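**Student:** Below are the sequence and a predicted model for it; my questions follow.
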Amino acid sequence: MSFISYLVNGLSLGSVYAIIALGYTMVYGIAKMLNFAHGDVIMIGAYMALISLTQLGLPVLPAILVAVVVCTVLGVVIERVAYRPLRDASSSLAVLITAIGVSYLLQNTALLIFGANTQSFPSVIKWSGVSLAGGRLNISGVTIVTIAACLVIMIFLTLFVQKSKPGQAMRAVSEDRGAAQLMGINVNGTIAMTFAIGSALAAVAGVLLCSAYPTLDPYTGAMPGIKAFVAAVFGGIGSISGAFIGGLLLGIIEILGRAYISSQMADAIVFAVLIIVLLVKPTGLLGKKIQEKV
Amino acid sequence: MKMMKKAASLALASALVVSLAACGSNGGNGGSDNSGSTGSDTFMIGGIGPTTGDNALYGTAVMNGIQLAVDEINEAGGINGYQISYKFEDDQSDPEKSVNAYNTLKDWGMQMLVGTVTSAPCVAVVEETHADNMFQFTPSATSVESIQYDNAFRMCFSDPSQGSVSADYIADNSLASKVAIIYNSSDTYSTGIYQSFATEAQARGLEIVSAEAYTADSNSDFSVQIQKAKDAGAELVFLPIYYSDASLILAQADRAGFDPIWFGVDGMDGILGVDGFDKTLAEGVMFLTPFTPTSDDEAVQKFVASYEDEFGSTPIQFAADAYDCMYVLKEAIEQADITPDMSISDMCDAMKTAMTQVTYDGVTGKQISWGEDGEPSKEPTVVQITNGEYTVL
């Protein structure tokens, strides 16, 4: 019974990772850059939701909407100001370092505005969940909602990318930016849209993360951000279903590793698994190997 | 936060002005010639602790506690007729920042250090004070290494004594026979208490059914640790950790339908002060603390009243420890007849002997005395949270 309980907890943690990883993987897949500030956009989203809930007294859904809108705008602004000017820079390292810079900028701005005190995040999901097997197995409402939200978002994103016109543009930009431009696709617009979607996801992830683990400070997004990045690489960066599977597996491995191997070694186990997967399958579980044409 | 900082610096500035003015008027009868240096006619006391970051509640409490005592002492005529000048630096509970804060204070002219507030930074800073032979008195750093040199003393219990006292209390009051522990293996404070608790618990016949660790990098998901404690049938969970992690554990245990007796140590103090924390989760939580604001003791009542008056909140144990620190410092300075024109090293040597000679009645205990190892000897009390308030047991 405790195994099932661990599994459910792993799924819950994993689905938070998966939602964050979706944002990473979208941006990487289309803009070919690692947006290390993604974790901190999550933190900003969580703060926005917190302020809307407590200080503005908004109900849950409008509060999440506020967070989504603010994060979307933030994501587009970051892309426009910090990343776009560097997109054609000779070294792809430049934009990576800028992303790390943006990450610190967001953390410290949050530190300045919200202070460093840990805040307790109110529970946005009032449902107490289900209790099975006579109370021996409790699945909390937050867990169920997180897993469901993750599934819905994943399916929606896949459909969007595969079926819609903007999605088609995204895939075209992803495959060959130059050719896409020649075909009349607005590359800058498409990439900005990708950032908008990624950041909107970050806001949702922030609310779910803080509902599951109800404390919030300016560094809240940092560690989950890194873990989600690992999940994205694990599943094959650039692949939406890869990020989903990578996130879930990572969460499950972390929890089971903590339960059955060592609670101190949880992070070491997670990263060891990443190394092994990359050694065996360098493109990740679902990553596609793209042939460079000479 | 910013407002508070501004207010604090304003208070500091005014304290400085007052002390300078005092300096001017005392200068003549004090007979001191070196009027050029500001330090010679005032005791320069520095403080270090986290006023921002995870443990900001502690640092702020200590900062305020010292401030209150300094103001009272200065108003009553100072120590040996000399006023005290006081400055507090933030270290965000980080060893590196703490050493930086120490250097900043040294540049300012600090002669004695009250701090640092948390254990890990204190271990780093005590190396510096030992090298400089500066007297250091920590209100609340509990790890053994925090005061490993003879120039350092502390006001609070050490980790080992907190661990063993907790185990004794649980055994003496038959609170439980099956005990689980959740501790932070990346923190010296937490592991120190855990180890001594485990040893003492075994000696007292308590059964430790699960002892699970977590680290600072994985301190959001506690489902496994809670599940293991639940499965092992623990009646009591011992939490030798700080309140911010504890608040998460309480919330997640509630979600997992696990409701044992929660027993914490002094790090649990402040859990009711977390912004937006659901106080009902902490109902029944017990923890070890030398100070309770609701005590009937006259000295405590007076301290609580003036603290609330000054800072608008009820003091926690850390504020009380810090307040006592300053008064103990005063007694020891008077005992050793120290004057501000002495060198830092001479002061320290005189303090080392004086500290072992004073016996102090304060707000964190009566008849407190110190050994050469810098450890205090005093009686502990256990507090329980009932109806969202701390109640003495």
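**Tutor:** Structure's in. What do you need?
**Student:** can you list the residues of the stretch 201-350 of chain B near chain A?
**Tutor:** Counting by C-beta under 8 Å from any C-beta of the partner chain, the residues of the stretch 201-350 of chain B close to chain A are B:212-215, B:217-218, B:220-221, B:223-225, B:227-228, B:231, B:244, B:247-248, B:251-252, B:255-257, B:274-278. C-beta coordinates here come from the backbone N, C-alpha and C atoms, glycine included.
**Student:** Mind giving me the ChimeraX select for these, buried ones only?
**Tutor:** This is the ChimeraX syntax for the buried subset of these, where burial follows 16 or more other C-beta atoms under 10 Å in any protein chain shown:
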select /B:212,213,214,215,218,220,221,223,224,225,227,228,231,244,247,248,251,252,255,256,257,274,276,277,278
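**Student:** Give me the subset of the residues of the stretch 201-350 of chain B next to chain A lying in strands.
**Tutor:** Under the assignment DSSP state E, these contribute B:212, B:213, B:214 to strands.
**Student:** which of the residues you listed lies closest to residue A:265?
**Tutor:** Using C-beta to C-beta, residue B:213 comes nearest to residue A:265 of those, at 9.2 Å.
**Student:** Contact partners for that closest one?
**Tutor:** Shown in contact with residue B:213 (C-beta atoms under 8 Å, 6 or more residues apart in numbering or on different chains): A:263, A:264, B:182, B:183, B:184, B:185.
**Student:** Mind checking which of the residues of the stretch 201-350 of chain B next to chain A land in helices?
**Tutor:** B:223, B:224, B:225, B:227, B:228, B:231, B:244, B:247, B:248, B:251, B:252, B:255 (DSSP state H).
**Student:** Once you drop chain neighbours, what's closest to the third one?
**Tutor:** It refers to residue B:225. Leaving out its chain neighbours, the residue that sits closest to residue B:225 by C-beta to C-beta, 6 or more residues apart in numbering or on different chains is residue B:212, at 4.0 Å.
**Student:** now swap in the last one and tell me
**Tutor:** Spatial nearest neighbour of residue B:255, chain neighbours left out: residue A:140 (4.3 Å); criterion: C-beta to C-beta, 6+ apart.
**Student:** The fifth one too?
**Tutor:** Spatial nearest neighbour of residue B:228, excluding adjacent residues (C-beta to C-beta, 6+ apart): residue B:210 at 4.7 Å.
**Student:** Make sure residue A:171 is actually in contact with residue A:163.
**Tutor:** No - Residue A:171 is beyond contact range of residue A:163, at 10.9 Å (criterion: C-beta atoms under 8 Å).
**Student:** the more surrounded of these two?
**Tutor:** Legend: neighbour count by other C-beta atoms under 10 Å in any protein chain shown for residue A:171 and residue A:163, higher for residue A:171 (15 against 9).
**Student:** quick one: which two of the contacts of residue B:213 are the most distant?
**Tutor:** Maximum pairwise distance among these (C-beta to C-beta): 12.0 Å, between A:264 and B:182.
**Student:** Next one: the residue nearest to residue B:279 when sequence neighbours are not counted from residue A:77, what distance?
**Tutor:** The spatially closest residue to residue B:279, leaving aside those adjacent along the chain, is residue B:388, at 4.1 Å (C-beta to C-beta, 6+ apart). Between residue B:388 and residue A:77 the distance is 43 Å, computed by C-beta to C-beta, to the nearest Å.
**Student:** Let me know the pLDDT of residue A:6.
**Tutor:** For residue A:6, the pLDDT comes out at 87.
**Student:** before we move on, what about the one 10 residues further on?
**Tutor:** Among the per-residue scores, residue A:16 holds a pLDDT of 89.
**Student:** Repeat that for residue A:55.
**Tutor:** Looking at residue A:55, its pLDDT stands at 89.
**Student:** just to revisit the earlier point, who's in contact with the residue nearest to residue B:255?
**Tutor:** A:12, A:128, A:129, B:255, B:256.
**Student:** Tell me the one among the residues you listed nearest to residue B:142.
**Tutor:** Closest to residue B:142 out of those is residue B:256 (29.8 Å), distances taken as C-beta to C-beta.
**Student:** separation between that closest one and residue A:180?
**Tutor:** Distance from residue B:256 to residue A:180, by C-beta to C-beta: 50 Å.
**Student:** before we move on, what about residue A:36?
**Tutor:** The gap separating residue A:36 from residue A:180 is 25 Å, by C-beta to C-beta.
**Student:** who touches residue 250 in this structure?
**Tutor:** Using chain A. Applying C-beta under 8 Å, 6+ apart, the residues contacting residue A:250 are A:14, A:17, A:227, A:230, A:231, A:234, A:270, A:273.
**Student:** right idea, wrong chain: chain B
**Tutor:** By C-beta under 8 Å, 6+ apart, the contact list for residue B:250 reads B:262, B:281, B:282, B:285.
**Student:** Just give the nearest non-adjacent residue to the third one, would you?
**Tutor:** Yep, that's residue B:282 we're talking about. The shortest distance from residue B:282 to any non-neighbouring residue, by C-beta to C-beta, 6+ apart, is to residue B:385 (4.9 Å).
**Student:** Please identify the helix or strand for the one you found.
**Tutor:** According to DSSP states H and E, residue B:385 maps onto strand B:381-386.
**Student:** Give me the sheet partners of that strand and which way each runs.
**Tutor:** Neighbouring strands of strand B:381-386 in its sheet, by DSSP bridges, are strand B:286-289 (antiparallel), strand B:389-392 (antiparallel).
**Student:** Quickly, which of these bottoms out on average pLDDT?
**Tutor:** Ranked by mean pLDDT, the strands paired with strand B:381-386 bottom out at strand B:389-392, with a mean of 81.
**Student:** Output stretch B:233-245 as CSV - backbone C-alpha positions only.
**Tutor:** Provided in CSV are the C-alpha atoms of stretch B:233-245 (Å, rounded to 0.1, in the frame of the first residue of the first chain):
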residue,chain,number,x,y,z
GLY,B,233,3.2,3.6,13.5
ALA,B,234,5.0,6.6,15.1
GLU,B,235,3.0,8.2,17.9
LEU,B,236,5.3,11.2,18.0
VAL,B,237,7.4,12.9,15.4
PHE,B,238,10.5,14.7,16.5
LEU,B,239,11.3,17.7,14.3
PRO,B,240,14.7,19.2,15.1
ILE,B,241,14.4,21.7,12.3
TYR,B,242,13.5,25.3,11.6
TYR,B,243,9.9,26.5,11.4
SER,B,244,9.7,27.2,7.7
ASP,B,245,10.3,23.5,6.8
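**Student:** So which bits of it are buried?
**Tutor:** Residues of stretch B:233-245 classed as buried by neighbour count (16+ other C-beta under 10 Å): B:234, B:235, B:236, B:237, B:238, B:239, B:240, B:241, B:242, B:243, B:244, B:245.
**Student:** Which of these fall in helices?
**Tutor:** Using DSSP H, these in helices are B:243, B:244, B:245.
**Student:** which among those gets closest to residue A:43?
**Tutor:** Nearest to residue A:43 among those, counting by C-beta to C-beta, is residue B:244 at 15.9 Å.
**Student:** What separation do you get for the residue nearest to the closest one when sequence neighbours are not counted and residue B:56?
**Tutor:** Leaving aside its sequence neighbours, residue B:244 sits nearest to residue A:118 (C-beta to C-beta, 6+ apart; 4.7 Å). Residue A:118 is 8 Å from residue B:56, where distance means C-beta to C-beta.
**Student:** Give me the more crowded residue out of these two.
**Tutor:** The neighbour count for residue A:118 versus residue B:56, taken as other C-beta under 10 Å, is higher for residue A:118 (27 against 24).
**Student:** So the more buried one is in contact with residue B:54, correct?
**Tutor:** Yes - counting by C-beta under 8 Å, residue A:118 touches residue B:54, with 6.1 Å between them.
**Student:** Identify the contacts common to those two.
**Tutor:** Taking C-beta under 8 Å, 6+ apart as the criterion, residue A:118 and residue B:54 both touch A:217, B:244.
**Student:** Brilliant, that's me finished.
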